[in-house]
Structure formats: structure tokens, C-alpha cells
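Trainee: With the input below, show me the fold.
(chains A and B)
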Amino acid sequence: DQQVKQNSPSLSVQEGRISILNCDYTNSMFDYFLWYKKYPAEGPTFLISISSIKDKNEDGRFTVFLNKSAKHLSLHIVPSQPGDSAVYFCAASAWSGNQFYFGTGTSLTVIP
Amino acid sequence: ETGVTQSPTHLIKTRGQQVTLRCSSQSGHNTVSWYQQALGQGPQFIFQYYREEENGRGNFPPRFSGLQFPNYSSELNVNALELDDSALYLCASRRNSATNEKLFFGSGTQLSVL
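Mentor: Sure, this is the predicted structure:
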């Protein structure tokens, strides 16, 4: 039962353009959402988060948008840089639980 | 500030054996979680420890067990290893068990069961 889904396994973008990574969830109790970036042979590193009381959060080149009615969130990276090439996971948690639910990841390649 | 460290980085075991993986949490963090990441999948929650007590568990059988020590470091033990246990095991810590506290991950232990 995959409660967090990333339906695009991979994405290629030209350097300088915008990267948009998408994530859908099914559990309406989720109220905290995060994006993690993972390089090979390393653990996931935190990128940006958003709580359900907001619909947008920005941090430099990274912006996360949350659409609660659609149970959808997206990560925008602009401008994309070659160093952004990695696997991106979205994750969600509910206030009543202790676990984070992760999607299967999207592999982003930024082409110089 | 020391991050989350895990040992060993790689491990090869045979079916039926037992394994212990170790994790030191980031300084100032009292909550540790373990996740299993199979190839091509996202991390799956195994369990969480807060102040030496298990306070959350995912859909994993009892042969997956853990400990947290007074210094907040942790162990993951897996008994009677099966081939499907081959995966990257990730330890994550956070400042406390509040649900809006983000996870900080270690680099993981790659376990291969032959």
C-alpha cells in the first residue's frame, strides 16, 4: 500500500531550466511533507519541507508547492544545475504517527 | 556537530544468519529511526526509538529488533536472515519525536544476503 507516490522514475533537464518533480499522496492525515536528495553511496539529505498549513515554501532555488485538495506536492528547482543530478524522494508524515512514508524516488539528470 | 554515522558500510551474510547494524545519532538528537531501502524503492520505516523505548514500528516481522542506548546510539538486529533482507539499511536521527522534526540520515549499511 504505497501512500506516497512518485510516478516519474526519471527526469532530464537542461542546465539553467526549471526542474519540476511531482509527488502524490493518498492519506489525508498527512500534515508534514519533505523532500530529500540522495547521491549514490550516501544517505538522503534534507532539502526542503512544508506543513499542511501552507501551500508554498521557498528556500533559494528550491520551492515546494502543496495542493491539499489534490493531495499533490511538487518541487521546483530553478535554475537547475548539474550538481542537482541525484535521486529525489518525497516523504510525508501524520501528526499522530512516528513514521515517514517515502515515495520511490525520481532520478533527476541536469544536462550541462 | 557530528552527523549520523553507521557501521559497517557493507556486509555480506548467508541465509539464516544473524546481523547487528550500528548507528550513532547526531549530537543533540534523542530519537532514532531505522529504514530499509530495497533496490529501486524508497526507504521503508522499520521502527523508531525515543529515550531507549520503541515508540513506533512499521510492517516488519519480530525478527527485526532494536535497541537504543543511554547515549542515544542504536542497534538494529535481524535474525534468521532471508534473501529479501538484502537492502540498504538507513539510520536516521532527529532532535525529538515530534512529527514535524525532520530526519537526518546516515550513509547506510549495504547488506547482502546470499
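Trainee: Please tell me how far the residue nearest to residue B:73 when sequence neighbours are not counted sits from residue B:46.
Mentor: Nearest non-adjacent residue to residue B:73, counting by CB to CB, 6 or more residues apart in numbering or on different chains: residue B:24, 4.7 Å away. In short, each C-beta sits where N, CA and C put it, glycine included. Per CB to CB, to the nearest Å, residue B:24 is found 18 Å from residue B:46.
Trainee: now do residue B:94
Mentor: 15 Å.
Trainee: Counting neighbours, what do you get for the nearest residue to residue B:18 once chain neighbours are set aside?
Mentor: In this structure, residue B:18 finds its nearest non-sequential neighbour in residue B:79, 4.9 Å apart by CB to CB, 6+ apart. Residues near residue B:79, counting by other CB atoms under 10 Å in any protein chain shown, number 13.
Trainee: Which secondary structure element of chain B has the lowest mean pLDDT?
Mentor: When each helix and strand of chain B is scored by mean pLDDT, DSSP states H and E, strand B:53-57 comes last, with a mean of 91.
Trainee: Which strands border that strand, and is each parallel or antiparallel?
Mentor: Neighbouring strands of strand B:53-57 in its sheet, by DSSP bridges, are strand B:44-50 (antiparallel).
Trainee: May I have the strand it pairs with exported as CSV, CA atoms only?
Mentor: Only the C-alpha atoms of strand B:44-50 are listed here, as CSV (Å, rounded to 0.1, in the frame of the first residue of the first chain):
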residue,chain,number,x,y,z
GLN,B,44,10.5,1.8,4.4
PHE,B,45,10.1,2.5,8.1
ILE,B,46,11.2,-0.3,10.4
PHE,B,47,10.9,1.2,13.8
GLN,B,48,11.7,4.3,16.0
TYR,B,49,13.3,4.6,19.4
TYR,B,50,12.8,7.5,21.7
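Trainee: Averaged pLDDT, it. What do you get?
Mentor: Per-residue pLDDT over strand B:44-50 has a mean of 95.
Trainee: Check stretch A:15-29 too.
Mentor: For stretch A:15-29, the per-residue pLDDT averages 97.
Trainee: starting at the chain centroid, how far to it?
Mentor: Centroid separation between stretch A:15-29 and its chain, computed with CA atoms, centre = their mean, to the nearest Å, is 5 Å.
Trainee: Enumerate the residues of chain B near chain A.
Mentor: B:4, B:33, B:35, B:40-45, B:48, B:55-56, B:58, B:90, B:92, B:97, B:99-100, B:102-108 (CB under 8 Å from any CB of the partner chain).
Trainee: Pull out the buried members of those.
Mentor: Neighbour-count burial (16 or more other CB atoms under 10 Å in any protein chain shown) is assigned, among the residues of chain B next to chain A, to B:4, B:33, B:35, B:42-45, B:48, B:56, B:58, B:90, B:92, B:97, B:99, B:102-108.
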